[in-house]
Every structure is written in structure tokens, then in C-alpha cells.
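Asks: okay, predicted coordinates and the sequence, questions at the end:
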Amino acid sequence: MSATGILGRNAGAEWTRLWSVRSSWLFVLGAAAGVIGLSVFVGVSQGASAPAGGSPWRLAGIFGLLGLFAILVLTTVAATADHATKSIIPTLQWTPQRAIVVAARAGILVLTAACLGLVLMTAASLVIWVFAPQLTFWSAEGAAALAGATLVYATGGLLAVGLGLATRNTAAALTSVFALMLVLPLILQAFPLDWMVHVIGGLPGSGAFFFLLGEGPGDTRMTASSSSIVLIAWSVAALAAGTWRLLRTDAT
């Protein structure tokens, strides 16, 4: 079988592995309930006061951030589950080409993260717009918010996959992902040091905040370009570390 055929076979297996367990559906349903429920609350309570001509996408970014963390949990758990259960052994016996295993897993999980995130954010924007029809549902601002969110969800999913493969431990991977994406950007801004602004701006969570909320944490002066570079660099580095460990060390 060709390398393309093997990759397709593994991608199908990863898709089945992801959606054949109840926890994946529970994560998705929980995220959807939280995001849509909060969107209804905001739409009902603040819809009448929303400025005419504004965009619901920026408001939806707050709930898009909530959905991001649920999706990160889903992708992290999926990336580490077979190491916890030792099913990684038959996986690699079935496909000894470990690079193909990594490519299939990363591709399926990143695609899933991006699609789920976009569906949740679009649903939140639509709900807010229903309660505040004076807003403009589709505009240049909405397109930019959607493009930024796509980058955040895709790179966040890749970061989770990479750290999951690198640590091979669900708790360690989740701790690392949440520290980089949420905890450190918020904690470090409390330190009144000039150089700390540069440290915060170099964290992937700051890029996620910029694209979803419109600004980085604290006094960081982030731009779309700098945020994109930070997110892509961290996700690629994490995947490289995870791939290196799977290729160079024993799977167990």
C-alpha cells in the first residue's frame, strides 16, 4: 500500500477512535450548552443596548474562548488516551511508520478542533444577532474575527496534540496546555516589570486572547501578525517535540 493509502487508513482509524467514545460527545455537548446558553443570556440582557451596525462576532469571541478550552481538553485527552491505555502498542504494530501515525492524528484532531470551534463561535454570533438584529451579522469585522478564530482553534489543537505526544500523560499535557493558553498570560500581567510585557506577548494564550477578544492581556501591544507568529511557532514547536519523542524513544 502506498504512503498516501496508509495515511488515509490511519486518518480513518483516528476519526473512529475519537468519536467512538462517549467522552468526546460529552465534551462537545457540554461546550455547546455552555456557549449557546451564555449567548442567549447576553442576547436577552444586552441585546437592546447593542450599538446599531456593530458586529456580534466580537461579543461571541468571549464565548469562543470558553469553547476553546473545552476543545483543548478534547484534543489533549484524545492525543494521550492510547498511551494511558497502552493501546499505542497495537497502533504502532499496525502502522510501524510512526511519522504517518503522527500526521494522521494531528490532521484529524486539528481539523476537528477548528471545525468545532468555528461552529460554536458561529452559533454564538447567530444567537446574539437574533436578539440584537440591529447588529450586522456579516461584515469585514466578522470575516476578520472568523479568520482569527480559525487560526486560534487550529493552532491550539496542534499545540495540544504536540504536548500530548511529548508528555504522554493526560494530566501533564492538560496542565501544560492550560498554563500556556490561560494561566500564565493572566498571572504574569500582575508583575509590574517592563520586560514581562514581552514575555506575555510571546505566549500562545496571548495570541488567542488577541484574536478572540480583540486585545492581548495586560499592556501587551499585540498585532495580528505578531499573534499569528506566536501561535504558529508554539504549535509547530510542540508538534516537533511530540514527533521527536515518538520517533526516537520507545512508545511505552
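Replies: Perfect, thanks for sending it.
Asks: which helix runs longest in this protein?
Replies: helix 98-131 (DSSP state H).
Asks: other SSEs contacting it?
Replies: helix 3-19, helix 22-46, helix 56-84, helix 88-94, helix 140-167, helix 224-248 (3 or more CB pairs under 8 Å, 6 or more residues apart in numbering; DSSP states H and E). Using the backbone N, CA and C atoms, a C-beta is placed for each residue, glycine as well.
Asks: format those helices as CSV; extra columns: mean neighbour count, mean pLDDT and distance to Ile108.
Replies: Shown next, in CSV, are these (neighbours: other CB atoms under 10 Å; pLDDT from 0 to 100; distance: least, CB to CB, whole Å):
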stretch, mean neighbour count, mean pLDDT, distance to Ile108
helix 3-19, 15, 87, 4
helix 22-46, 16, 85, 12
helix 56-84, 23, 86, 9
helix 88-94, 14, 82, 13
helix 140-167, 23, 90, 9
helix 224-248, 17, 93, 14
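Asks: nearest to Val110, out of these?
Replies: Smallest distance to Val110 across the helices and strands packed on helix 98-131 (CB to CB): 4.4 Å, for helix 140-167.
Asks: could you give the angle of the closest one to helix 98-131?
Replies: Angle of helix 140-167 versus helix 98-131, following axes from the mean of the first three to the mean of the last three CA atoms, to 10 degrees, is 150 degrees.
Asks: angle of helix 140-167 against helix 56-84?
Replies: Between helix 140-167 and helix 56-84, the angle comes out at 10 degrees (the same axes, to 10 degrees).
Asks: hmm, back to that, could I get the helices and strands packed on helix 98-131 as a markdown table with distance to Ala190?
Replies: Shown next, in a markdown table, are these (distance: least, CB to CB, whole Å):
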| stretch | distance to Ala190 |
| --- | --- |
| helix 3-19 | 38 |
| helix 22-46 | 26 |
| helix 56-84 | 20 |
| helix 88-94 | 40 |
| helix 140-167 | 24 |
| helix 224-248 | 20 |
